[in-house]
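Trainee: Model the structure of this input:
(one chain, ligands or ions: 1)
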Amino acid sequence: MSQQNTDESSGGGDSPDPTDDEMLIQTDVSESVSSSGSTRRETVVRAEDINVWYGDDQALQDITLSIPEKSVTAMVGPSGCGKSTFLRCINRMNDLIDSARVEGDLYLRGKNVYDDDVDPVALRRRVGMVFQKPNPFPKSIYDNVTYGLEIQNKGGDYDEIVERSLKRAALWDEVKDQLDESGLDLSGGQQQRLCIARAIAPDPEVLLMDEPASALDPVATSQIEDLIEELAQDYTVVIVTHNMQQAARISDQTAVFLTGGELVEFDDTQKIFENPESQRVEDYITGKFG
Ligand SMILES: Nc1ncnc2c1ncn2[C@@H]1O[C@H](COP(=O)(O)OP(=O)(O)OP(=O)(O)O)[C@@H](O)[C@H]1O
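Mentor: Purely as a prediction, here's the structure:
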């Protein structure tokens with residue numbers, strides 16, 4: 001686990017005329033959660049009273065939590081408790097589900113992403129996502145990595161960005177001589193690292209990962225776990241996982257959701273696994289139910 005203690009609240013650029021993108025980058029200096037008091041990092045994502053329904057069925061109830069920067073936050077809990085739904089609130093992917101309705105406030109660096117003036121596409125530039133099943137496009141490895149940059153019309157030295165992103169995703173050495181070959185010809189673990197390279201190429205601030213290793217074998221899973229810990233030095237990583245050991249190994253904070261879409265406990269991972277406040281959380285993480 002990589003706890004970083006930075007007391008400072010980086011604050012505020014003094015530019016009087018923010019651009020559209022900068023409108024989304026206001027600083028939230030609220031303190032991140034920590035029962036031990038040891039972790040005081042700037043909050044990047046803050047959810048306040050988030051409720052989500054699919055039609056008449058409520059999937060999340062009054063979720064309030066703060067996710068600190070440059071760390072790994074794990075969302076755990078039994079199937080159907082709303083972990084993925086919460087992840088999709090952060091980059092407004094629930095907007096794409098007709099029956100979904102979100103109420104409450106979700107701040108990204110102090111700006112409510114549900115405000116009318118927020119463009120969800122611009123938001124998703126700043127909040128990248130990696131899914132459970134590796135989903136490279138039927139394109140070359142190179143084009144997979146540059147895809148996000150191209151659709152955003154983002155300039156820059158693509159050769160350099162491809163190399164940097166693949167290195168960050170721990171894939172460069174394996175593919176550097178076959179960048180023109182299809183991403184679909186890679187192994188499952190390599191494909192997932194390619195998807196991570198694609199997600200980080202536009203340099204997002206937050207990286208959402210929805211069970212990124214659950215379709216992979218143990219060796220590929222271990223590589224992805226190492227990679228996630230490394231990525232947290234530069235990005236704020238939020239990961240959904242079914243795997244308690246994985247959450248314990250790689251996350252700094254853990255949020256435990258339970259049936260009914262309730263957030264029962266959110267704290268430093270060590271505290272959650274060694275001395276949770278809630279009996280229901282203890283029962284869940286020790287395998288008594290779920
Ligand atoms: N697109 C959707 N349409 C309708 N209901 C949905 C949709 N997506 C999720 N749900 C429902 O919302 C609830 C929460 O689902 P969600 O996928 O967020 O849970 P989860 O904790 O991520 O589950 P899992 O661990 O099985 O992936 C479930 O009851 C699920 O059936």
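
Trainee: Which parts of the stretch 51-200 of the chain are helices?
Mentor: Using DSSP state H, counting those that start in this stretch, the helices of the stretch 51-200 of the chain run over residues 83-90, 120-126, 141-151, 158-168, 172-175, 188-200.

Trainee: quick one, what contacts the closest residue to residue 142 other than its chain neighbours?
Mentor: Closest residue in space to residue 142, ignoring its immediate chain neighbours: residue 179 at 4.3 Å, by Cβ to Cβ, 6 or more residues apart in numbering. Every residue, glycine included, has its C-beta placed from N, CA and C. Residue 179 makes contact with 140-142, 162, according to Cβ atoms under 8 Å, 6 or more residues apart in numbering.

Trainee: Closest one to the ligand out of those, please.
Mentor: residue 141 (28.9 Å; Cβ to the nearest ligand atom).

Trainee: So what's the residue count around the closest one?
Mentor: Burial measure for residue 141: 28 neighbouring residues, criterion other Cβ atoms under 10 Å.

Trainee: where does the stretch 1-150 of the chain come near the ligand, residue by residue?
Mentor: 54, 59, 77, 79-85, 97, 99 (Cβ under 6 Å from any ligand atom).

Trainee: Out of those residues, name the ones that lie in strands.
Mentor: Filtering those for membership in strands, criterion DSSP state E, returns 54, 59.

Trainee: and the two most separated of the residues of the stretch 1-150 of the chain next to the ligand?
Mentor: Farthest-apart pair in these is 77 and 99; separation 21.7 Å (Cβ to Cβ).

Trainee: Between these two, tell me which one has more neighbours.
Mentor: Just comparing residue 77 and residue 99: by other Cβ under 10 Å the higher neighbour count belongs to residue 77, 25 against 10.

Trainee: Surely the more buried one and residue 260 touch.
Mentor: No - the criterion here is Cβ atoms under 8 Å, and residue 77 misses it with residue 260 at 10.2 Å.

Trainee: element containing the residue nearest in space to the middle of the chain, please.
Mentor: For the chain, the residue lying nearest the average C-alpha position, counting by Cα atoms, centre = their mean, turns out to be residue 208 (2.1 Å). Per DSSP states H and E: residue 208 is located in strand 206-210.

Trainee: now do residue 44
Mentor: Counting by DSSP H and E, residue 44 is part of strand 43-54.

Trainee: who does that strand pair up with?
Mentor: Its sheet considered, strand 43-54 pairs with strand 57-68 (antiparallel), strand 100-108 (antiparallel) by DSSP bridges.

Trainee: of all those, which lies closest to residue 253?
Mentor: With Cβ to Cβ as the measure, strand 57-68 is the member of those nearest residue 253 (7.1 Å).
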